[in-house]
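Undergrad: this one's structure only:
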């Protein structure tokens, strides 16, 4: 197997520290958070603007990487389901995907809405949300 190497480009700064207190999805009551970028990637954020819709890819550092199946949304009345068919943070490679709206840029601090990641979560990439094919 070939190893993949990821390095954080930043960290989520959130008022939520405990995963059990976090919203299940960003559009389910997640607080506004700050993505604090590492200075080494400052040039990569030069063309981000308030109002941009972005995809944050994070590493759920507190996740259980041995989990392969869960009751969706922690609801025991739902059948056990393989994690690849769920949005569970517990999975072999705990990559988080968050569609957020950029509210403000303050130097290396990106203020965003719609991110349910807890404080200290490493950010591994940021990508723009693409519009329709004829708008690209």
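TA: Great, that's in hand. If you're wondering where the values come from, they're calculated on a predicted model, not measured in any experiment.

Undergrad: buried residues in the longest strand along the chain?
TA: Across the chain, the longest stretch assigned as strand under DSSP state E is strand 95-106. Under the neighbour-count criterion of 16 or more other CB atoms under 10 Å, strand 95-106 has 96, 98, 100-103, 105 buried. (Each C-beta comes from the backbone N, C-alpha and C, glycine too.)

Undergrad: With stretch 20-40 instead?
TA: With burial defined by 16+ other CB under 10 Å, the residues of stretch 20-40 counted as buried are 22, 26, 30, 33-35, 37.

Undergrad: how about residue 108, what does it touch?
TA: For residue 108, the contacting residues are 10, 36-39, 42, 45, by CB atoms under 8 Å, 6 or more residues apart in numbering.

Undergrad: sorry, back to before: need the buried residues of strand 95-106 in JSON lines (columns: distance to residue 75 and pLDDT).
TA: JSON lines is the format used below for these (distance: CB to CB, whole Å; pLDDT from 0 to 100):
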{"residue": "96", "distance to residue 75": "20", "pLDDT": "96"}
{"residue": "98", "distance to residue 75": "22", "pLDDT": "96"}
{"residue": "100", "distance to residue 75": "26", "pLDDT": "97"}
{"residue": "101", "distance to residue 75": "28", "pLDDT": "97"}
{"residue": "102", "distance to residue 75": "33", "pLDDT": "98"}
{"residue": "103", "distance to residue 75": "32", "pLDDT": "98"}
{"residue": "105", "distance to residue 75": "38", "pLDDT": "97"}
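
Undergrad: Include distance to residue 16 when you put the residues you listed into a markdown table, please.
TA: Shown next, in a markdown table, are those (distance: CB to CB, whole Å):
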| residue | distance to residue 16 |
| --- | --- |
| 96 | 13 |
| 98 | 13 |
| 100 | 15 |
| 101 | 18 |
| 102 | 19 |
| 103 | 17 |
| 105 | 22 |
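
Undergrad: Out of those residues, give me the two with the largest separation.
TA: The most widely separated members of those, counting by CB to CB, are 96 and 105 (21.5 Å).
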